[in-house]
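Chemist: Next comes the sequence, and after it the predicted model I'd like to discuss.
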Amino acid sequence: MFAMALGPFRFSLPNIPIVELSQTTTPRFASHAVGKRVPVKQFLGPDADLITLSATIYPNVLSPAGPSQLAAMRQVARAGTPMAFLSRSGPYLGMFVIEHVGRADTHFMLDGSPEKITVDIEICEWGW
């Protein structure tokens, strides 16, 4: 079973287990200069939501499919393909694009492969 899905990618224990999810919602404002006063702000509407997914992959123990899924996510990010984002426990969250895929390898084994991979994935709401 998966906890969340972004298009064909599943965030679950055997793939990429999510440790933390944070969401940022920002309104858009235009700033208008006014003589001898603080600039006046004009509300333009909502900006796209940004969601950051943090995960830890242990490829030799817990998440053997994680590194290959991460490589596929990098390819999709380069293509800029919008994908559906949904949670198993909640509603359909909308269409999102991958804006950032970060990876840090630590705790290396004798053959050079990492025992622990820390991942940060930023996805942004795709407006249409």
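Modeler: Noted; the coordinates are in hand.

Chemist: in stretch 108-119, what's buried?
Modeler: Neighbour counts over stretch 108-119 (16 or more other Cβ atoms under 10 Å) mark 114, 117, 119 as buried. Backbone N, C-alpha and C define where each C-beta goes, glycine included.

Chemist: ok, now stretch 35-45?
Modeler: Going through stretch 35-45 with 16+ other Cβ under 10 Å, nothing comes out buried.

Chemist: what about it, how long is it end to end?
Modeler: 25 Å (Cα to Cα, to the nearest Å).

Chemist: how far is it from where the chain is centred?
Modeler: Put simply, stretch 35-45 sits 33 Å off its chain's centre (Cα atoms, centre = their mean, to the nearest Å).

Chemist: So what touches that stretch?
Modeler: 27, 28, 29, 30, 31, 32, 33, 34 (Cβ atoms under 8 Å, 6 or more residues apart in numbering).
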